[in-house]
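In: Here you go, sequence then predicted model.
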Amino acid sequence: MTESIRVLLVGVDTGEEADFDRSMAELKSLAEACGKQVAGVITQRMTSVNRAFYIGTGKVGEVRDFAEECEAAEIIFDNSLTPSQLRNLTEELDLPILDRTQLILDIFAIRARTGEARLQVEMARLQYMLPRLVGMHEELGRQGGTGGSMSNKGAGEKKLELDRRRIEHRISELRKELETVERSREIQRKKRNASRIPQVALVGYTNAGKSTIMNRMLEEFGRVPGKQVLEQDMLFATLETSVRSIEMEDGRPFFLADTVGFIHKLPHGLVKAFRSTLEEVRYADLLVHVVDYSDEDYRRQMEITEETLKELEIGDIPRIIVYNKSDRRQMERLPRVRRNDIHMAAGPGIGIRELAKLIQDRLYEHYRDCEFVLPYDQGRAASYLMEQTVVLEQEYREDGIYLKVRCHEQDASRYGRFII
């Protein structure tokens with residue numbers, strides 16, 4: 001087993017963070033999720049970050065000395081660094097420098113399992129790298145030329161230009177590959193839409209328990225064995241959107257999608273790269289917002305989830321709130337179900353049936369079972385009901401086509417004259 005890399009964490013508290021200490025604690029969790037060992041933490045209070053070094057110039061030497069003292073092999077900063085800050089810090093500290101964005105990208109690269117996730121992560125990483133290459137252009141340009149000539153390029157600048165072209169070419173290739181994957185995903189989505197079975201998406205902060213809920217649902221109501229998703233107590237265990245069919249005994253099925261979790265300061269490039277994966281959320285009839293109720297900062301995590309959904313232009317889909325891991329707060333008499341939320345504990349399986357029923361009741365609150373007899377000259381109406389409702393029974397009789405369907409109230413009203 002290889003020894004984990006020792007890292008030093010650095011953060012600047014400008015007073016803009018709602019909870020700076022919480023952000024630093026989360027940075028530590030991210031580093032550990034990436035297989036790194038946190039050897040030390042340095043913070044600084046400033047009214048604004050230093051444009052050249054992010055931290056104050058006097059703090060740079062302190063970071064260098066502490067990194068040497070704690071034998072850190074990398075230094076990780078809690079915010080995104082500009083290309084010039086990254087370059088300056090690397091020169092002054094003589095150690096690999098990462099920021100929060102790059103750390104999250106590294107975690108995603110480790111976790112990516114499907115071809116689509118790997119393509120998306122590679123796209124995001126290259127888009128992150130590109131401006132940092134361009135940011136070095138001016139300095140490398142000053143190294144170029146001989147005898148004061150402005151027409152010749154130095155070796156560093158030539159390499160930079162080649163690297164930039166390679167990255168841009170690869171990004172173009174990745175876009176084409178992802179478009180192909182997205183077309184395939186769109187075909188699958190249209191097939192599910194055609195089935196008229198409602199769709200539900202699990203959303204929430206990373207490690208809130210979305211995958212655990214998915215797996216407990218499948219254990220209880222799944223019809224196909226071996227369809228469980230990865231379930232681990234770690235940040236970003238799930239990167240892929242997995243869709244499964246949930247079929248309870250009362251014949252009100254729904255599709256359930258498990259999605260990538262959100263986090264504080266989730267890099268915009270990642271949100272953009274995973275937009276196609278998160279399209280399942282956009283087409284959902286209902287969102288199940290899973291909250292880690294055992295976390296003291298759960299309200300802030302809820303706010304971050306809502307902010308990310310707005311960034312994805314998903315704001316008006318109905319929601320159910322799941323306060324998961326409520327057993328860790330010593331709550332008695334679980335589960336507790338209220339109108340549109342539930343306190344439960346998915347790990348030990350407490351509240352799974354109650355949650356499924358809550359989902360069903362919300363999905364099917366405007367549906368009803370109806371029996372129709374449509375005369376044979378009403379072929380268009382019969383076709384509509386067969387395609388746009390859940391057909392429970394069908395029979396061809398002398399007086400017309402008998403259909404027992406589960407349909408929306410609007411369809412029942414539209415074809416009410418044929419109800420028996």
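Out: Arrived safely, thanks for sending.

In: quick one: low-confidence parts of the stretch 151-300 of the chain?
Out: 151-157, 189, 192-196, 223-240, 269-270, 272-277, 280 (pLDDT under 70).

In: longest helix in this structure, by residue count?
Out: In the chain, with assignment by DSSP state H, the single longest helix is helix 155-194.

In: so how far is it off the chain centroid?
Out: Remark: helix 155-194 is offset 19 Å from the chain centroid, using Cα atoms, centre = their mean, to the nearest Å.

In: can you give me the strands for the stretch 151-300 of the chain?
Out: 199-204, 242-246, 254-258, 286-292 (DSSP state E, counting those that start in this stretch).

In: And the next helix or strand past the one helix or strand V60 maps to?
Out: Assigned by DSSP states H and E, V60 belongs to helix 57-69. Reading on from helix 57-69 to the C-terminus, the next helix or strand found by DSSP H and E is strand 74-77.

In: Run the chain-centre distance for that next one.
Out: Taking mean C-alpha positions (Cα atoms, centre = their mean), strand 74-77 and its chain are 24 Å apart.

In: Give me the helices and strands touching it, please.
Out: Under the contact criterion of 3 or more Cβ pairs under 8 Å, 6 or more residues apart in numbering; DSSP states H and E, strand 74-77 touches strand 6-13, helix 83-93, strand 97-99, helix 100-111. Every C-beta, even on glycine, is put in place using the N, C-alpha and C of the backbone.

In: I'd like the average pLDDT over the shortest one.
Out: Right, strand 97-99. On average, the pLDDT along strand 97-99 is 93.

In: what helices or strands is that strand leaning on?
Out: By 3+ Cβ pairs under 8 Å, 6+ apart, strand 97-99 packs against strand 74-77, helix 83-93.

In: Report the angle between the helix holding V60 and strand 6-13.
Out: 160 degrees (axes from the mean of the first three to the mean of the last three Cα atoms, to 10 degrees).

In: Output helix 57-69 in CSV, but only the C-alpha positions, please.
Out: Extracted C-alpha coordinates of helix 57-69, given in CSV (Å, rounded to 0.1, in the frame of the first residue of the first chain):
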residue,chain,number,x,y,z
THR,A,57,3.4,38.5,1.3
GLY,A,58,4.7,38.1,4.8
LYS,A,59,2.6,34.9,5.2
VAL,A,60,4.4,33.3,2.2
GLY,A,61,7.6,32.6,4.2
GLU,A,62,5.6,31.3,7.2
VAL,A,63,3.8,28.8,4.8
ARG,A,64,7.2,27.8,3.4
ASP,A,65,8.7,27.1,6.8
PHE,A,66,5.6,25.3,8.2
ALA,A,67,5.4,23.1,5.0
GLU,A,68,9.0,22.1,5.6
GLU,A,69,8.5,21.5,9.3
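
In: tell me, what residue is most central in the protein?
Out: V260 (2.9 Å; Cα atoms, centre = their mean).

In: and it, backbone torsions?
Out: Per-residue torsions, V260: phi -60, psi 140 (degrees, to the nearest 10).

In: Quick check: the gap between it and L309.
Out: 13 Å (Cβ to Cβ, to the nearest Å).
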